[in-house]
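Colleague: Sequence and predicted structure, then a few things I'm wondering about:
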Amino acid sequence: MDQAAEKYLAAFPVDRFQKQLLYWFERNMRQLPWREDRDPYKIWVSEVMLQQTQVDTVIPYYKRFMERFPTLEALAEADEEEVLKHWEGLGYYSRARNLHQAVKEVKERYGGQVPENREDISTLKGVGPYTAGAILSIAYGQREPAVDGNVLRVISRLLYIEEDIQKVKTRRLVEAIVQCLIPEGRASYFNQGLMELGALVCTPKSPHCLTCPVHEVCLAYQQGVQSQLPVKAKKKKPKTVKLVAGVLTDGEQVLIRQRPNSGLLAKLYEFPNVEWYGHEPAETISRYLFETYGLRAETVEEWPLVQHTFTHLIWEIRVYRLQLAEPLGGTLKSAQNRLSLASETRWERIGNLDRYPFPVSHQKIKKELRQRL
DNA sequence: GATTCGTGGGT
DNA sequence: TACCCAAGAAT
């Protein structure tokens, strides 16, 4: 056993804790869509959706996703864009692309059977230490730790661990501890119980210690320091990026483009936009469209400012409706010919925009377009 | 090991 | 308002 883990568990009543947690979970577990059976594929999808995302947010996405991609094969055979469309609004879109790629990998390399060991399952895109442990324990009943934010918080309080839970070393320590705590044959409920306790009782701000099923063995509660744990480094403030977007339309069709294959909001669609500094934003987007796509466009009107906050940055988007300028004789159709080299761009009928996955920031612009035309 | 990757909800 | 937080992983 891990030496550091052993030290934390030396005087801990493991057996009592296991019984109290399992007893509580069996009587208080929420009925969730992904708890209806043990299909590894379904568990997998739910775990990926739940990464950094709250249960209530995931539920409707999970239901729609399972209705459209009910089996691993169904997802493996789907087009990536349709997968992204079903992920639209959920965030962290690389999760969807990685899941899709990994599912195709399982179909080809493992005959459609999700690997049952940590080594193989961890080679799949988007399957890290937590997701691997969650699938192995929940779907296959294996004694593997599944340490997420809830478990880090619960264990750090339970055993009075003052290490920064954002450190990889701390996560590994907690994994070693949980490995020792999982009762034989009860890995699924034990791991889920730890997370459920964190979600419903041992909450970040004001934990409900008085009604906690394990408070009598909790070191933080005994010391009265539950609100000071876990220890976590402060986050940096997001930087503001000023963008200007152009909605180039004749009232029937509109210019959209697909974002690059990697990075922020990869492969999602958007209205052409560019970062701007200092000068007039309207002039900036007009010049940008000419230099990038050879389009002569002029400002028609300014639309409401779109502000969107990400984890690490803030977008402040000035939006202009544009129309093609006459000098180059531009109807949209002639412009389309000039656009043929720019493969990421596309003229699309406004009524068809819902076919494409847009990030929330550009959904706001799309909504404005709808209201005006 | 530090950053990058979304979004919505809570206080 | 300004944080913080959520069933994390990839780079």
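Modeller: Yep, that arrived. Residues are numbered from 1 along each chain as shown, chains lettered A, B, ... in the order given.
Colleague: What are the buried residues along stretch A:110-120?
Modeller: Buried residues in stretch A:110-120, counting neighbours by 16 or more other C-beta atoms under 10 Å, are found at A:114-115. In short, each C-beta sits where N, CA and C put it, glycine included.
Colleague: What lies in contact with that stretch?
Modeller: With contacts defined as C-beta atoms under 8 Å, 6 or more residues apart in numbering, stretch A:110-120 is touched by A:40-41, A:44, A:72-73, A:76, A:106, A:121, A:124, A:132-133, A:135-136, A:139-140, A:142, A:144.
Colleague: Just the element for residue A:260, please.
Modeller: Using DSSP states H and E, residue A:260 is not contained in any helix or strand.
Colleague: Could you tell me how many residues sit around it?
Modeller: Look at residue A:260: counted by other C-beta atoms under 10 Å, it has 10 neighbours.
Colleague: give me the subset of the contacts of stretch A:110-120 touching DNA strand B.
Modeller: Among these, no residue sits close to DNA strand B (C-beta under 7 Å from any atom of the strand).
Colleague: Got a ChimeraX select line for the buried ones in the residues you listed?
Modeller: Per 16+ other C-beta under 10 Å, the buried members of these correspond to this ChimeraX selection:
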select /A:40,41,44,72,76,106,121,124,132,133,135,136,139,140,142,144
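Colleague: tell me which parts of chain A are close to DNA strand C?
Modeller: So chain A meets DNA strand C at A:32, A:46-47, A:50-55, A:92, A:94, A:98, A:125-132, A:134, A:148-150, A:153, A:192, A:195-196, A:198-199, A:204-205, A:232, A:234-235, A:237, A:311 (C-beta under 7 Å from any atom of the strand).
Colleague: Out of these, list just those in strands.
Modeller: Using DSSP state E, the subset of the residues of chain A next to DNA strand C located in strands is empty.
Colleague: can you pull the contacts of residue A:358?
Modeller: A:88, A:268-270, A:366.
Colleague: got a winner among those for most neighbours?
Modeller: residue A:269 (24 neighbours).
Colleague: Can you name the residues bridging to it?
Modeller: residue A:258 (DSSP bridges).
Colleague: now, which of the contacts of stretch A:110-120 lie within helices?
Modeller: A:40-41, A:44, A:72-73, A:76, A:106, A:121, A:132-133, A:135-136 (DSSP state H).
Colleague: need the contact list for the closest residue to DNA strand C within chain A.
Modeller: Nearest residue of chain A to DNA strand C (C-beta to the nearest atom of the strand) works out as residue A:128 at 2.4 Å. Contacts for residue A:128 were tallied using C-beta under 8 Å, 6+ apart; they are residue A:122.
Colleague: Distance check, it against DNA strand B.
Modeller: For residue A:128, the distance to DNA strand B equals 11 Å [C-beta to the nearest atom of the strand, to the nearest Å].
Colleague: Now do the phi/psi pair for that residue.
Modeller: Taking degrees, to the nearest 10, you get phi -100, psi -170 for the backbone angles of residue A:128.
Colleague: likewise residue A:301?
Modeller: phi -160, psi 160.
Colleague: Thought residue A:319 was touching it, still the case?
Modeller: No: applying C-beta atoms under 8 Å as the test, residue A:301 and residue A:319 come out as separate, 9.6 Å apart.
Colleague: Who has more neighbours out of the two?
Modeller: Neighbours were counted for residue A:301 and for residue A:319 using other C-beta under 10 Å; residue A:319 has more, 24 against 12.
Colleague: excluding its backbone neighbours, what's nearest the more buried one?
Modeller: residue A:303 (4.1 Å; C-beta to C-beta, 6 or more residues apart in numbering).
Colleague: The stretch 151-300 of chain A: helices as residue ranges?
Modeller: Along the stretch 151-300 of chain A, counting by DSSP state H, counting those that start in this stretch, helices occupy A:168-181, A:187-200, A:219-223, A:281-293.
Colleague: Between those helices, which one is closest to DNA strand B.
Modeller: helix A:168-181 (4.6 Å).
Colleague: That closest one vs DNA strand B: in contact?
Modeller: Yes: against DNA strand B, helix A:168-181 shows contacts by C-beta under 7 Å from any atom of the strand at A:168-169.
Colleague: Give me the residues contacting that helix.
Modeller: A:1-2, A:4-6, A:8-9, A:14, A:17-18, A:129, A:133, A:143-147, A:151-152, A:155-156, A:159, A:161, A:163-165, A:190-191, A:194.
Colleague: Can you list the buried residues in it?
Modeller: Those would be A:170-181, for helix A:168-181 by 16+ other C-beta under 10 Å.
Colleague: before we move on, the earlier item: list buried residues within the residues of chain A next to DNA strand C.
Modeller: A:46-47, A:50, A:55, A:92, A:94, A:98, A:126-127, A:129-132, A:134, A:148-150, A:153, A:192, A:195-196, A:198-199, A:232.
Colleague: circling back: helix or strand for the residue nearest to residue A:319, which one?
Modeller: With DSSP H and E as criterion, residue A:303 is part of strand A:297-309.
Colleague: pLDDT below threshold where in the stretch 1-150 of chain A?
Modeller: For the stretch 1-150 of chain A, the stretches with pLDDT under 70 are A:1.
Colleague: Which residues of it lie near DNA strand B?
Modeller: A:52-54, A:56-57, A:89-94.
Colleague: again, 10 Å this time
Modeller: For the stretch 1-150 of chain A, the residues in contact with DNA strand B (C-beta under 10 Å from any atom of the strand) are A:49-54, A:56-58, A:87-97.
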